[in-house]
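> below: sequence and its predicted model.
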Amino acid sequence: MGLFDIFRKKKADVTSETPETTTNTRPDESESETVLSETDSEVAESPSVYSDKTEEVVDKISEHNTQLTETETETETEQQVYDKGLEKSRTGFAARFNRFLANFRSVDEDFFEDLEETLVGADVGFDMAIKISDELREEVKLENAKHKEDVRDVIIKKMVDMYEADGVDEDATMHFNSNGTTVILLVGVNGVGKTTTIGKLSTKYQQQGKSVLLAAADTFRAGATKQLQEWGQRAGVPVVSGKEKADPASVVFEAVAKARDEHVDVLFVDTAGRLQNNVNLMQELEKMKRIIQREIPGAPHEVLLVLDATTGQNALQQAKLFKDSSDVTGIVLTKMDGTAKGGIVFAIRNEMHLPVKWVGFGEKASDLREFKPEEFIYGLFKDLIA
Ligand SMILES: Nc1nc2c(ncn2[C@@H]2O[C@H](COP(=O)(O)OP(=O)(O)OP(=O)(O)O)[C@@H](O)[C@H]2O)c(=O)[nH]1
């Protein structure tokens, strides 16, 4: 059974459940649906203000639903966590898509142009949008589609199928050193969430009984070390740091030596997101890697590139920059809770061929989740699956 069929079954199962047995059913879910359909008609009438309005209303709905869910105390399933974290994206995607369908008359050139625009607007990426629309041109079912629902089903199925096919070779597992300290390097431009992600991951591994050490190798930004120390304190994890503007390589050297001597299980290295220029940034990362490799052969075991989902296509440019110059092993996609355009995962998979390993749904330690493609894509599309 393909992913799309699994989703249909999942949707049918959820729909057939009674409100009493569905733990995540909200009392006034119907209210938010009404808001969405009102938005769609507004949006359809005034295309020029479409994106502003969509973002505005999506914000309103998310805020409303967050207030409702904040009081929920029961243990959530992984799907419910994804559903909540992707609320803004899902609503935004559905609004864009419904507007596109509202204009549907026939499957002609305008149709494909509108579709491409809708997909690019949802951060799916230009290449992926063209690829989807090209494949759909060959789709007989679409040619024969008479109703909006049929069109919708064919497109969503195609996207799910393509996402599934693009990721067959992906290895999204975390790699650990079976014989000593595992070194995990976090890279990415400033403000994307590297320090926060280290805080979240160290809390997680610490809770699993692993010993953890942090290296504050971002000596460039004043305050970065302090922020890491705060996370270290919260998680009960020691931090190796240097003076402001100290050579980051010396901090790394000290941390690696300490980790090795004290048989620490996992060492996280926080790196600077900005230097005088990108060349310096990449050279510094290289230098750190050389030191780590020299002290612990085979390390770093992971180089995680952190990308801020709210920056859309900019995030893709960053991914290209880092992929070309450092051996990135996986992606952490942060701030998914803050974007109304969740399509970025399609672009990353299709253009970058790098596995997303973690996804951030908020600022708390528990808001970092292992990336689960099924839960993610279902969370994104479930309102559009019949
Ligand atoms: N909503 C939300 N906010 C996040 C998430 N991850 C990080 N943030 C916030 O993003 C902001 C920047 O995060 P940092 O961890 O300081 O980013 P950084 O990459 O270490 O930044 P530099 O040290 O400047 O390179 C902070 O306010 C975080 O709380 C997330 O998944 N969701």
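Yes, it's here.

> right, and Val269 touches Val187 too?
No: applying CB atoms under 8 Å, one finds Val269 not in contact with Val187, separated by 9.1 Å. Where C-beta positions appear, they are placed from N, C-alpha and C, glycine not excepted.

> neighbour count winner among those two?
The residue with more neighbours, out of Val269 and Val187, is Val269; 30 against 25, by other CB atoms under 10 Å.

> which SS class is the more buried one?
Using DSSP: H, G, I helix; E, B strand; the rest coil, the three-state assignment for Val269 comes out as strand.

> and it, what is it in contact with?
Val269 sits next to 183-186, 215, 217, 252, 255, 288, 292, 300 when contact means CB atoms under 8 Å, 6 or more residues apart in numbering.

> so what's the predicted local confidence for the residue of the stretch 201-350 of the chain found nearest the ligand?
Across the stretch 201-350 of the chain, the shortest distance to the ligand (CB to the nearest ligand atom) belongs to Gly273, at 2.9 Å. According to the prediction, Gly273 has pLDDT 81.

> so how far is Phe220 from the nearest residue to it once chain neighbours are set aside?
Among residues not flanking Gly273 along the chain, Asn190 sits closest, at 3.2 Å (CB to CB, 6 or more residues apart in numbering). Distance, Asn190 to Phe220, using CB to CB, to the nearest Å: 9 Å.

> likewise for Arg349?
Going from Arg349 to Phe220 by CB to CB gives 32 Å.

> again, but for Val168
As judged by CB to CB, Val168 and Phe220 stand 39 Å apart.

> neighbour count winner among these two?
A direct count of neighbours by other CB under 10 Å for Val168 and Phe220 places Phe220 higher, at 20 against 6.

> who are the neighbours in contact with the one residue in the stretch 251-386 of the chain that gets nearest to the ligand?
Residue of the stretch 251-386 of the chain nearest the ligand, by CB to the nearest ligand atom: Gly360 (2.5 Å). Gly360 makes contact with 193, 196-197, 200, 332-337, 367-368 under the criterion CB under 8 Å, 6+ apart.

> show the model's pLDDT score for the closest residue to it other than its chain neighbours.
In space, and not counting its chain neighbours, Gly360 is closest to Thr334: 3.6 Å by CB to CB, 6+ apart. According to the prediction, Thr334 has pLDDT 97.

> isn't Thr334 up against Asp308?
Yes: applying CB under 8 Å, one finds Thr334 in contact with Asp308, separated by 5.5 Å.

> in terms of neighbours, single out the busier of these two.
Shown here are Thr334 and Asp308; by other CB under 10 Å, Thr334 has more neighbours (30 against 23).

> quick one: mean pLDDT over stretch 132-150.
85.

> and for that stretch, what are the contacting residues?
With CB under 8 Å, 6+ apart as the test, stretch 132-150 has contacts from 101, 104, 107, 112, 115-116, 119, 124, 151, 154-155, 158-159, 162, 386.

> show me where pLDDT drops low in the stretch 251-386 of the chain?
Applying pLDDT under 70 to the stretch 251-386 of the chain flags the ranges 275-276.

> do a quick rundown of the helices in it.
Remark: helices assigned in the stretch 251-386 of the chain by DSSP state H, counting those that start in this stretch are 278-295, 313-325, 344-347, 373-381.

> distance to Gly209 and mean neighbour count added to these, as JSON lines?
Formatted as JSON lines, those follow (distance: least, CB to CB, whole Å; neighbours: other CB atoms under 10 Å):
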{"stretch": "helix 278-295", "distance to Gly209": "24", "mean neighbour count": "17"}
{"stretch": "helix 313-325", "distance to Gly209": "32", "mean neighbour count": "17"}
{"stretch": "helix 344-347", "distance to Gly209": "31", "mean neighbour count": "25"}
{"stretch": "helix 373-381", "distance to Gly209": "26", "mean neighbour count": "22"}
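
> need the ones you listed in TSV (columns: distance to Asp13).
TSV is the format used below for the helices of the stretch 251-386 of the chain (distance: least, CB to CB, whole Å):
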stretch	distance to Asp13
helix 278-295	46
helix 313-325	34
helix 344-347	24
helix 373-381	12
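
> nearest to Thr77, out of those helices?
Of all the helices of the stretch 251-386 of the chain, helix 373-381 sits nearest to Thr77, with 9.1 Å by CB to CB.

> do that closest one and the ligand meet?
No: legend: contact between helix 373-381 and the ligand by CB under 6 Å from any ligand atom is lacking; minimum distance shown is 13.9 Å.

> which secondary structure elements does that helix contact?
Counting contacts by 3 or more CB pairs under 8 Å, 6 or more residues apart in numbering; DSSP states H and E, helix 373-381 packs against helix 3-16, helix 78-85, helix 87-102, helix 148-166, helix 344-347.
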